[in-house]
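Chemist: sequence first, predicted coordinates after that:
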Amino acid sequence: MPFFRWDEMKRKHLAAPSDSEGSIIIGEHVTLNRSVAAPGKLGRPHSHGCEQLIHVESGAAWFRLGDEVRTVTAGDIIHI
């Protein structure tokens with residue numbers, strides 16, 4: 001079905017390299033997920049076979065994309 005509501009989707013552990021949990025929609029060319037990570041939790045280096053967009057809703061996170069390192073905060077969008 002092409003219509004989704006985050007509050008109706010089941011939250012689960014998303015992937016082995018990450019400590020976050022949430023809901024995920026996987027398309028042929030893009031992945032969209034809504035994840036929640038508790039303070040201090042880590043997302044280990046990994047890759048996906050498609051583009052990924054991350055919108056930071058609240059809090060702050062540290063990201064490394066290639067050689068670029070940045071702290072992102074609420075309102076930031078990361079395009080991987």
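Modeler: Arrived safely. Residues are numbered from 1 along each chain as shown.
Chemist: pretty sure residue 29 sits against residue 48.
Modeler: No - taking contacts as CB atoms under 8 Å, residue 29 lies outside contact range of residue 48: 10.8 Å. From N, CA and C alone the C-beta is placed, and that goes for glycine too.
Chemist: more neighbours: the two, which one.
Modeler: Set side by side, residue 29 and residue 48 show more neighbours around residue 48, with 11 against 7, by other CB atoms under 10 Å.
Chemist: doesn't residue 80 make contact with the more buried one?
Modeler: Yes - counting by CB under 8 Å, residue 48 touches residue 80, with 7.3 Å between them.
Chemist: so in terms of bridging, what pairs with the residue found closest to residue 36 once you drop the neighbours it is linked to in the chain?
Modeler: Distances taken as CB to CB, 6 or more residues apart in numbering place residue 22 nearest to residue 36, at 5.6 Å, with adjacent residues excluded. Under DSSP bridges, the beta-bridge partners of residue 22 are residue 12, residue 35.
Chemist: now residue 22: how far from residue 68?
Modeler: 24 Å (CB to CB, to the nearest Å).
Chemist: those two - which one has more neighbours?
Modeler: residue 22 (17 against 7).
Chemist: contacting residues around that one?
Modeler: Residues in contact with residue 22 (CB atoms under 8 Å, 6 or more residues apart in numbering) are 11, 12, 14, 33, 34, 35, 36.
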